[in-house]
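Trainee: Predicted structure and sequence below. I'll ask about it afterward.
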Amino acid sequence: MNSAVSPLDERLTVIWRTPPGLRGFLSTVDHKRIGIRYIITAFVFLIAGGIEALIMRVQLSHSNLKILSPETYDQLFTMHGFTMIFLYAGPVLSGFSNYLWPLLLGSRDMAFPRLNALSYWIFVLSGIFLYVSFPLGLSPDAGWFNYPPLSSGPYDSGPNIDFYLLGLIFLGVSTTVGSANFVVSLLRTRAPGMSINRMPILVWGTLTASVGNLLAVPAVSLACVLLFLDRQFGTHFFDVEQHGQPLLWQHLFWMFGHPWVYAIVLPALGIVSDALPTFCRRPLVGYTAVALATVATMIVGFGVWLHHMFATGMPMLSLAFFSAASLVITIPSAVSTFAWIATIWTGKPVLTTAFLFLSSFIVLFVIGGVSGVMTGAVPLDWQLTDTYFVVAHLHYVLIGINVFPVIGGIYYWFPKMTGRLMNERLGRWNFWTMFLGFNLGFFPMHISGLMGMPRRIYTYAPYLGWDAVNLVTTIGSFVFAAGVALFVANFVFSMRRGKAAGDNPWDAPTLEWSVPSPVPPYNFRVIPTVASRHPLWEGRLNESPQRSSLVSGYVLDQGRETLATTVLDAEPDLILKMPGDSYAPLWLSLSLSLAFVGLIVHAPWVAGAGVLAVGASILGWMWPERDLDQTAEPAHV
Amino acid sequence: MSEATLRAQELPVGSFGNKASGWYGVWTLVLTESAIFVYLLFSYFYLASQASGEWPIGGSPSLRLAAPNTLILLLSSACLGWAERSGARRGDRARLLGGIGAAFILGTVFVIIQLREWRGKAFSPQSGTYGSSYYVVTGFHMAHVIVGLTMLAAVFVWAALGKFSRDRHAPLTIGAIYWHFVDVVWVVVFTALYVAPRLK
């Protein structure tokens, strides 16, 4: 229905397209380009973090290997953790949501297009900021959760830890502005008729993660500021000699850290909840229960941080409370799990590569969940904490619940992004190599943990009997890496040679599949009006006589415009004027970089100049514009 | 062209009233900034609960400057509210500029008095966990006041340049929400740091 190009399409293309070349590259605010860029950049970091892991696995493949010095090993595991958790797992999901949200919601862009560009630039610049430390041999080296007193001035005096602290504060700005953008986009830019009970689960997941981030990121940013002040300006927050409290760091870190775990899995669970039903040829079982489970997980997730600190000498009452709260999380998790199983069970599964990734995720989620229940019980945690069992658990959770859905999601939405299908035969090889490699690599870590092998040791003695299990782990990790390489190969190959996809290759139900692939710059020719959760399946499901309207609706072609709707019922409320491409986000993020560079090299004037430049960039950005109808005499009324 | 061309005459366009996206955006800022102060005060009370020395150093902090300063900041908020209600919404430019100007001046007075308060303290940020917490909590707030004053200055300039009308003054509304937030945070900080130690 969208095949013929109408004069309206041409007019909208002129209004919304990004100029070619470097100018467009640096100034674009198109959510689709930013989203894809986010995903690719996150994958570059995934590969960097993966190489770091492989180097460590070589060292651990046999007892008494000393290829890496203890100092280098410390930097490697810290950078590996930081990279995977902060620079891959969060941003890759932001990438999906940036690309998909306006398409899922029936809008022409996010609520704040320039803020979207800003969050990308800050993400990539903070990643570069951190990685500059690597060739200098000055990378953070106190683990990804960076506990003082080890990370405090007297014990780690170089700039290593400062890179960690400043890098994390810097990245936090990106996460925060991105989250604010998602929240406001949800409140304002849903298509008419998309009441909250009609939103895709991915939208629920990202919304929940975003609200969680707005409340949780300040905890870790504050912790980093306080530790930086301790290290550079002589305050005593964590300084034991002056009655400072190292445990305060652990509290602040995990008050952030645990909600963050849900922020980097809930949108991925949303990917599964939205994509899996397409391949089961039926709607998701228990939509309302899954949506509520998503929100409930995050709410309970704010009350479980102490389970990372069971071994620090807490009162029994705290241990009991936080252990119980942690076990409660299994309830919403089980609700979603049974909903996915029921969807497969009662559907007619089509065994595509995407389906393999999405359904195998359920297996890994259950394994990671069960080891989570085990460590959520205090007595067992006291035995297992700081062993490889915990390493196994967190990798089952993060790779199982993040990487597998993400790759499944790319197989699913790649045709929408590029107009081409990914190769299915290569896809099978990709899936089975990754799935077998992952389990071969990480399942034995449970065993080495139970055998007493502590995490973060750079080598071990032969008489401990850990050689065989570690060799298997190392072999598995290389097989897994080969699987990821096959994915990258398929991605690159299919981008050029993949079969043409058409608008809706999977016969999927949601709005993004109603527009051409790749999506035109303006997304929707007219703003659709939504009458159900499955606008493209209404005919066959026939749940109600109402039908969504995809061909008639608001046109909005007087410059860049999209429709604002009311918060709960999504009734038309206002026509939003959207900004054009702009260098402001790039300037602001470069100014912010200058401030952080000034701090790391101890040049207060440089940092001050950076702060002033930040202020100037924001003022320029906020200056009321007549073209955007922000001034007393608007251009368009 | 088959599609109906709905060009809604009845819908307002652009930054109209409280419907601008920025109005929603500033509330997300307030939410995340509130969280910062919650964690700051958590840290303050956590360190207080674990303190072994004198907390606060030198007994409860004096209210001589802080109490009037609190009133000054609240008055500043009131002036800004007046600028919006009696100025911007009625198209009265004199009240608009007068209200924003008064809010800015009172905010600046708050900063000057707070600097005097800091200078008069017998302890520094390096004086144990109390000194560190006191200065970091009040310092974080001070940083927010300075950001707020910068916003007020910008809004004043835009008002003077005639950028606002009765229906379109989103920057003022947004700046005011932030400024009221900064003032409410001060009341909380004041209660925690100045009033709470007296209740022991």
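Mentor: Good, I have the coordinates. Numbering: from 1, shown residues only, chains lettered A, B, ... in the order given.

Trainee: ok, the residue of chain B found nearest chain A - contacts?
Mentor: Nearest residue of chain B to chain A: residue B:14, at 2.3 Å (C-beta to the nearest C-beta). Every residue, glycine included, has its C-beta placed from N, CA and C. Applying C-beta atoms under 8 Å, 6 or more residues apart in numbering or on different chains to residue B:14 gives the contacts A:575-577, A:628-630, A:634, A:636-637, B:20, B:168.

Trainee: Would you mind writing the PyMOL command to select the buried ones in the residues you listed?
Mentor: When burial is assessed using 16 or more other C-beta atoms under 10 Å in any protein chain shown, the buried subset of the contacts of residue B:14 is captured in PyMOL by this command:
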select buried, (chain A and resi 575+576+577+628+629+630+634) or (chain B and resi 20+168)
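
Trainee: Rebuild the contacts of residue B:14 as TSV, extending it with distance to residue B:88 and pLDDT.
Mentor: Formatted as TSV, the contacts of residue B:14 follow (distance: C-beta to C-beta, whole Å; pLDDT from 0 to 100):
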residue	distance to residue B:88	pLDDT
A:575	22	94
A:576	22	95
A:577	20	94
A:628	19	89
A:629	17	88
A:630	14	90
A:634	16	83
A:636	21	75
A:637	18	61
B:20	14	93
B:168	9	93
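
Trainee: Among the contacts of residue B:14, which one sits closest to residue A:205?
Mentor: Nearest to residue A:205, judged by C-beta to C-beta, of these is residue A:576 at 24.5 Å.

Trainee: for residue A:561, phi and psi?
Mentor: Backbone torsions for residue A:561, taken as degrees, to the nearest 10, come to phi -140, psi 150.

Trainee: Secondary structure element holding the nearest residue to it once chain neighbours are set aside?
Mentor: In space, and not counting its chain neighbours, residue A:561 is closest to residue A:575: 5.4 Å by C-beta to C-beta, 6 or more residues apart in numbering or on different chains. Per DSSP states H and E, residue A:575 falls inside strand A:572-577.

Trainee: and the next element down the chain from that strand?
Mentor: Counting by DSSP H and E, the next helix or strand C-terminal to strand A:572-577 is helix A:584-600.

Trainee: Buried residues of stretch B:72-83, list them for me.
Mentor: The neighbour-count check on stretch B:72-83 (16+ other C-beta under 10 Å) flags B:72-80, B:82-83 as buried.

Trainee: rewinding a little: how about the residue nearest to residue A:561: which residues does it bridge to?
Mentor: Beta bridges link residue A:575 to residue A:563, residue B:13 when assigned by DSSP bridges.

Trainee: Might you report the residue contacts of it?
Mentor: Contact partners of residue A:575, counting by C-beta under 8 Å, 6+ apart, are A:554, A:556, A:561-564, B:8, B:11-14.

Trainee: filter those to the buried ones?
Mentor: A:554, A:556, A:561-564, B:11-14.

Trainee: Poorly predicted segments of chain B, please.
Mentor: B:1-9 (pLDDT under 70).

Trainee: any residue of the lengthiest helix in it up close to chain A?
Mentor: Counting residues, the longest helix found in chain B (DSSP state H) is helix B:128-160. Yes - applying C-beta under 8 Å from any C-beta of the partner chain, one finds helix B:128-160 in contact with chain A at B:128-129, B:131-133, B:135-136, B:150, B:154, B:158.

Trainee: Of these, just say which sits nearest to residue A:610.
Mentor: Checking the residues of helix B:128-160 next to chain A against residue A:610 by C-beta to C-beta gives residue B:150 as the nearest, at 15.7 Å.

Trainee: That closest one is in contact with residue A:615, isn't it?
Mentor: Yes - in this structure, residue B:150 is within contact of residue A:615 by C-beta atoms under 8 Å, at 6.4 Å.

Trainee: okay, the contacts of residue B:14 in JSON lines with distance to residue A:16 and secondary structure next?
Mentor: Output for the contacts of residue B:14, formatted as JSON lines (distance: C-beta to C-beta, whole Å; DSSP: H, G, I helix; E, B strand; the rest coil):
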{"residue": "A:575", "distance to residue A:16": "15", "secondary structure": "strand"}
{"residue": "A:576", "distance to residue A:16": "14", "secondary structure": "strand"}
{"residue": "A:577", "distance to residue A:16": "13", "secondary structure": "strand"}
{"residue": "A:628", "distance to residue A:16": "15", "secondary structure": "coil"}
{"residue": "A:629", "distance to residue A:16": "18", "secondary structure": "coil"}
{"residue": "A:630", "distance to residue A:16": "20", "secondary structure": "coil"}
{"residue": "A:634", "distance to residue A:16": "21", "secondary structure": "coil"}
{"residue": "A:636", "distance to residue A:16": "17", "secondary structure": "coil"}
{"residue": "A:637", "distance to residue A:16": "22", "secondary structure": "coil"}
{"residue": "B:20", "distance to residue A:16": "21", "secondary structure": "coil"}
{"residue": "B:168", "distance to residue A:16": "25", "secondary structure": "coil"}
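
Trainee: could you redo the contacts of residue B:14 as TSV and give each row distance to residue A:193?
Mentor: Below are the contacts of residue B:14 laid out as TSV (distance: C-beta to C-beta, whole Å):
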residue	distance to residue A:193
A:575	17
A:576	17
A:577	23
A:628	27
A:629	25
A:630	28
A:634	28
A:636	25
A:637	26
B:20	23
B:168	29
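
Trainee: Can you spell out the domain ranges of chain A, please?
Mentor: Listed domain ranges for chain A are A:30-514, A:588-637 (source: automatic domain parsing).

Trainee: so which of these gets nearest chain B?
Mentor: domain A:588-637 (2.3 Å).

Trainee: and which of the contacts of residue A:575 is nearest residue A:78?
Mentor: Nearest to residue A:78 among the contacts of residue A:575, with distances taken as C-beta to C-beta, is residue A:562, at 42.9 Å.
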